[in-house]
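[1] pasting the sequence and the predicted model now:
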Amino acid sequence: MQMRNGNIILRYIRESDIDSYIRWTTTETEWSEWDAPWETDDGDDFVARQRASLSVTPKSFGKLEIDTDFGQHVGWVSSYCIDGNKEKTAVGIDVPPRSARGKGYGKSALSLFMAYLFSCCDKETLYTQTWSGNTVMLRLAEKIGFNEIERIKNIRIVRGDAYDALTFSISRAEFFNRYPDLRNTCYL
């Protein structure tokens, strides 16, 4: 089962993805400087969690893999509850290979994932969170149509500098006004 939006496909994790995760936690690690760099996650633990998710049935819609339309695995989208609050679902995305950035994959993948959550999971509002130094995610949030709703000043220390923690939201109505062609996206 999979979903397609332009030049990307969202799908469940598969065994061959583990090689990508190993590469992204050992040699192609630049992406981790942007995705919550204050968190210290052991690469082996991260890969082990991905491997463990292969055996989970039914598969979770909370994390999906991103492939290009020519089959290259380029990252993942995910969702989580902010501070454990099931009414506040946030979305995130990682596209580790630098060669895969700047091609619209992130916008296509995240908007498709959000359409899925709005359509199939009956969400009225979705959120995303980042830090003020993550300029790539800030641009993506703006392109998607998110609105900043909370800023906590100087709470994130990254490479010795203080940054703001940011929370954004978008309603179902706002989202589908921007992306009417993604309405009723529920394939998985």
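    It's in.

[2] can you pull out the low-pLDDT segments for this structure?
    Within the chain, the ranges that satisfy pLDDT under 70 run 1, 37-44, 47, 51, 54-61, 185-188.

[3] okay, and the beta partners of the one residue sitting closest to the centre of the chain?
    Compute the mean C-alpha point of the chain, and by Cα atoms, centre = their mean the closest residue is residue 93, 1.9 Å away. Note on residue 93: beta-bridge partners by DSSP bridges are residue 77.

[4] that one against residue 79, yeah?
    No - using Cβ atoms under 8 Å, residue 93 makes no contact with residue 79, being 10.4 Å away. Heads up, the C-betas are built off the backbone N, CA and C, glycines and all.

[5] ok, and for the longest helix that the chain contains, which residues are buried?
    Counting residues, the longest helix found in the chain (DSSP state H) is helix 105-120. Buried residues in helix 105-120, counted by 16 or more other Cβ atoms under 10 Å: 105-119.

[6] who does the helix or strand that that helix is followed by touch, helix- and strand-wise?
    Later in the chain than helix 105-120, the nearest helix or strand by DSSP states H and E is strand 125-131. Applying 3 or more Cβ pairs under 8 Å, 6 or more residues apart in numbering; DSSP states H and E, one finds that strand 125-131 contacts strand 89-94, helix 105-120, helix 135-144, strand 147-158, strand 161-171.

[7] rerun at 7 Å
    Applying 3 or more Cβ pairs under 7 Å, 6 or more residues apart in numbering; DSSP states H and E, one finds that strand 125-131 contacts strand 89-94, helix 105-120, helix 135-144, strand 161-171.

[8] re earlier: list the contacts of the longest helix of the chain.
    Helix 105-120 has contacts (Cβ atoms under 7 Å, 6 or more residues apart in numbering) with 3, 5-8, 10, 61, 64, 66, 68, 74, 77, 79, 89, 91, 93, 95, 123, 126, 140, 143-144, 172, 175, 179, 182, 184-186.

[9] all set, thanks.
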